[in-house]
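J.: Generate a structure from the sequence data that follows.
(one chain, ligands or ions: 2)
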Amino acid sequence: MAAQIWGSEKRARRRREISAKIAQMPELHDSKPLPFMTREEKIMESARKLTILTEKMGQIIDPTDPAELYHLNNEVLGLEGNPMALHGVMFIPALSAQASDEQQAKWLPRALRREIIGTYAQTELGHGTNLQNLETTATYDLATQEFVLHTPQITALKWWPGNLGKSSNYAVVVAHMIIKAKNYGPHPFMVQLRDEKTHEPLPGITIGDIGPKMAYNIVDNGFLGFNKYRIPRTNLLMRHTKVEADGTYIKPPHAKINYSAMVHVRAYMLTGQAIMLASALNIATRYSSVRRQGQIDKSQPEVKVLEYQTQQHRLFPSIARAYAFQFAGAETVKLYEHVLKEMKSGNVSLMADLHALTSGLKSVVTYQTGEGIEQARMACGGHGYSMASYISEIYGVAIGGCTYEGENMVMLLQLARYLVKSAALVKSGQSSKLGPLVAYLGVKSEPTSLIDRIPNSGFTEYVKTFQHVSKRQTLKAADMFFGLMEKGEKREIAWNKCSVELNRASRLHTRLFIVEAFVRRVNEIADIRIKEALTDLLHLHVNYELLDIASYALEDGFLSASQLDYIRDQVYLYLGKIRPNAVSLLDSWEFSDIELRSVLGRRDGNVYENLFKWAKSSPLNKTDVLSSVTQYLKPMMEKARL
Ligand SMILES: CCCCCCCCCCCCCCCCCCCC(=O)SCCNC(=O)CCNC(=O)[C@H](O)C(C)(C)COP(=O)(O)OP(=O)(O)OC[C@H]1O[C@@H](n2cnc3c(N)ncnc32)[C@H](O)[C@@H]1OP(=O)(O)O
Ligand SMILES: Cc1cc2nc3c(=O)[nH]c(=O)nc-3n(C[C@H](O)[C@H](O)[C@H](O)COP(=O)(O)OP(=O)(O)OC[C@H]3O[C@@H](n4cnc5c(N)ncnc54)[C@H](O)[C@@H]3O)c2cc1C
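T.: Ligands and ions are numbered 1, 2, ... in the order given. This next block holds a predicted model:
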């Protein structure tokens, strides 16, 4: 199963080898539990491990393999981030995709050797989503052949970029490029921020940390201001766009090609989200198979809480989602790598499809991951609320994904643009022009769903039902939009008035893609036992998801009430079938105890001993009487007794 999850036998084996090596290297372990450290201590601890990794990485992993790097990162540095998180996730990808060959030769080897630390500075205090209204300017000075970076007012301060505050000395900075008083829109520039020897900010640069966040606090998200700060013309990233010495602007082959670093993260973060969801579920499911509370049959002893149907209903559909996200994520990364290769050689024809797909997936996956993690936390009762479970930290980090790389509502609306265009093709009889991901919009569906009507139809009738509701909602939202415009409404106003319906269409389309990716994967599996276990999980997935969106299929009578009863019964049937495999389905992800960082979810299952040991090690327990008591509470009580 691990081979299915991680993509191949080899990958699963390599993960085990890497975990085993790390287990033997105490210098790479947390020196004490992270929840007992201050933010400063965590950052220090992370930097300590990071420098050891820089020395020893080659002995543990193949540093050119992103999957091995990511695993190493999760084991050693953990999901709370590290001082170079953005260096690998965005700075290097931005340089790789947007710097010219000559620029790459100058900067990439230095970045890869970690001679310099970089980040991606785009968002500002006043604007994140609406890139067209960023305020930082890069004005070309023809006389010196330099760009002058400037922050005209407080809202133009860069705000949020990870590791910008304290760790990075370089950044890819996005600023509006102005040449001879003409604004060419946001463009990426390579900018040195700090002196390479002293790490002091360079003159003209104001920089710092934005303060503690809901989670992800090892990362020093930062602010940055420029006071007429000059950089050479050749620091504009020039793979696709060029500015010649005389100020001539050469435009890129696609207007949004400079957004590729964002698409990169959107494509890769699906796997990251699946891992966080599976981690939280692993903790909760292990704990639920140890925790005994109450009886189902009063004549019998207390049961493991995992025997309760409500507990299974809380956890198992999310287990199915974690697998589904992992499989959909693997497909998306493949597509991304393909599009990136094409893009580098000038073919930009697939960019719109990739943008639409990743925008939808990013939004649905992060939202459902957050839901699933929070349910996992509540499924652990009181102990879920303790940092000993570590689930609240996992939640805090994962939920950030709903916001970063494009706020979810906004990204769903980006997919909706693509769906509306596709709907227009269908309506004008040009269905043959539809891309493969939306081809179903042009296919006529049966008048009613055939779920429960055709024996042995596998998952076909489910997929058709998802296609039907997605198509119907897309055409309905598009009709509403076109209708408003026909009535004379301005395009943007009409769009806003339909945006809730449009986003519903985007979610349904994305959920269809996820179901199909799961079906495709199960169909490919040769090993009969693995296929059986995943088929059970897929049954739960399609029935649970369909029940969740049933109102869309009921409103036009595509599904009947009796079919809905059947679907509901299937959910209950598969909850029971999955119960014996539940712990194994999560143990198959092979997270080590080091990586999970959860006292509650350790592999040994000694929950109570581990919790008591953990509580005793709390810094508050170093002394029996705290100074808060001697200084305040004791005098207060004494005074009251007088
Ligand atoms: C196998 C290996 C395993 C390894 C696993 C690795 C796991 C990695 C896990 C990663 C963990 C991550 C750790 C956390 C790190 C945090 C990082 C956070 C970084 C950031 O947040 S950076 C800042 C991000 N900011 C945003 O995302 C801003 C969002 N806004 C936008 O993107 C744009 O403003 C928006 C909304 C797209 C609008 O742009 P705009 O220019 O205004 O365009 P229009 O709306 O007018 O649309 C016009 C037209 O353009 C099309 N378009 C837009 N974008 C693109 C694109 N990227 N590509 C192609 N086409 C695009 C759009 O669809 C429109 O097309 P039409 O045809 O409809 O006109
Ligand atoms: C953990 C974390 C890490 C980050 N790292 C980085 C980084 O490394 N580099 C970087 O540059 N940035 C980074 N960011 C910033 C992040 O990319 C932005 O916060 C994000 O893009 C959302 O933009 P915003 O904050 O402007 O939200 P806003 O756009 O102000 O969103 C507020 C609300 O307005 C709604 N809204 C906005 N526009 C529209 C619209 N057109 N239609 C409908 N609704 C709309 C949103 O849906 C939301 O409900 C990070 C953020 C976080 C939380």
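J.: and the residue positioned nearest the centre of the chain, what element?
T.: Nearest to the geometric centre of the chain sits Met269, at 3.7 Å (Cα atoms, centre = their mean). Using DSSP states H and E, Met269 sits in helix 260-288.
J.: is ligand 1 contacted by that helix?
T.: Yes - using Cβ under 6 Å from any ligand atom, helix 260-288 comes into contact with ligand 1 via 262-263, 265, 268-269, 271-272. (C-beta placed from N, C-alpha, C; glycine too.)
J.: Of these, which is the nearest to His539?
T.: Thr271 (24.0 Å; Cβ to Cβ).
J.: quick one, what contacts the residue lying closest to the closest one once chain neighbours are set aside?
T.: Nearest non-adjacent residue to Thr271, counting by Cβ to Cβ, 6 or more residues apart in numbering: Gly329, 4.2 Å away. Residues counted as contacts of Gly329 (Cβ atoms under 8 Å, 6 or more residues apart in numbering) are 268, 270-271, 273-274, 361, 365.
J.: Would you format those residues as a markdown table with pLDDT included?
T.: Converted to a markdown table, those look like this (pLDDT from 0 to 100):
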| residue | pLDDT |
| --- | --- |
| Tyr268 | 96 |
| Leu270 | 98 |
| Thr271 | 97 |
| Gln273 | 98 |
| Ala274 | 98 |
| Leu361 | 98 |
| Val365 | 98 |
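J.: Looking at neighbours, which among the residues you listed is most surrounded?
T.: Within the contacts of Gly329, neighbour counts (other Cβ atoms under 10 Å) peak at Val365, which reaches 30 neighbours.
J.: Quick check: which element contains it?
T.: Using DSSP H and E, Val365 falls within helix 351-379.
J.: circling back: now the residue nearest to the centre of the chain, nearest residue through space, not along the chain?
T.: Gly401 (5.9 Å).
J.: part of a strand, is the one you found?
T.: No - looking at Gly401 with DSSP: H, G, I helix; E, B strand; the rest coil, it is helix, so not inside a strand.
J.: neighbours of it, just the number please.
T.: With other Cβ under 10 Å as criterion, Gly401 counts 23.
J.: same check, this time on Pro252
T.: 16.
J.: which bits of the stretch 401-550 of the chain sit near ligand 2?
T.: Contact residues (Cβ under 6 Å from any ligand atom) of the stretch 401-550 of the chain with ligand 2: 403-404, 406-407, 409-410, 413.
J.: quick one: which of those is most hemmed in?
T.: Neighbour max across those (other Cβ under 10 Å) = Gly406, 24 neighbours.
J.: Leu315 versus that one, what's the distance?
T.: Between Gly406 and Leu315 the computed distance is 29 Å (Cβ to Cβ, to the nearest Å).
J.: One more: Ile116?
T.: Ile116 is 44 Å from Leu315, by Cβ to Cβ.
J.: Neighbour count for these two, which is higher?
T.: Under the criterion of other Cβ under 10 Å, the comparison of Ile116 against Leu315 puts Leu315 first, with 23 against 17.
J.: Okay, angle between the strand or helix carrying the more buried one and helix 351-379 too, please.
T.: According to DSSP H and E, Leu315 maps onto helix 309-344. Note on geometry: by axes from the mean of the first three to the mean of the last three Cα atoms, to 10 degrees, helix 309-344 and helix 351-379 are set 160 degrees apart in direction.
J.: Pull out the buried residues from helix 309-344.
T.: 311-312, 314-333, 335-336, 339-340, 343 (16 or more other Cβ atoms under 10 Å).
J.: I'd say the residue nearest to Met269 and Val364 touch.
T.: No - using Cβ atoms under 8 Å, Gly401 is not in contact with Val364; the gap is 11.2 Å.
J.: Which pLDDT value goes with Cys350?
T.: Let me fix one detail, which is that residue 350 is Leu and not Cys. For Leu350, the model assigns a pLDDT of 92.
J.: Chain neighbours aside, what residue packs nearest to it?
T.: Val339 (4.7 Å).
J.: how far away is that neighbour from Ala356?
T.: For Val339, the distance to Ala356 - Cβ to Cβ - is 12 Å.
J.: Distance-wise, check Ala245 relative to Thr139.
T.: As judged by Cβ to Cβ, Ala245 and Thr139 stand 16 Å apart.
J.: These two: which is more packed in?
T.: When neighbours are counted by other Cβ under 10 Å, Ala245 and Thr139 differ, and Thr139 comes out ahead with 18 against 10.
J.: Could you give the bridge partners of the more buried one?
T.: With DSSP bridges as the criterion, Thr139 is bridged to Val148, Ile178.
J.: wait, isn't it in contact with Ala175?
T.: No - the criterion here is Cβ under 8 Å, and Thr139 misses it with Ala175 at 9.2 Å.
J.: Which strands or helices does the helix or strand Lys49 falls within pack on?
T.: Using DSSP H and E, Lys49 falls within helix 39-60. With contacts taken as 3 or more Cβ pairs under 8 Å, 6 or more residues apart in numbering; DSSP states H and E, helix 39-60 sits against helix 9-23, helix 66-72.
J.: Figure out which of those helices is closest to Ser31.
T.: That would be helix 9-23 among the helices and strands packed on helix 39-60, by Cβ to Cβ, at 14.6 Å.
J.: Not counting its own residues, what contacts the closest one?
T.: 2-3, 5-6, 28-29, 59-61, 67-68, 71-72, 75-76, 590, 592, 594-595.
J.: near ligand 1 at all, it?
T.: No - if you take Cβ under 6 Å from any ligand atom as the test, helix 9-23 misses ligand 1, and the best it gets is 8.7 Å.
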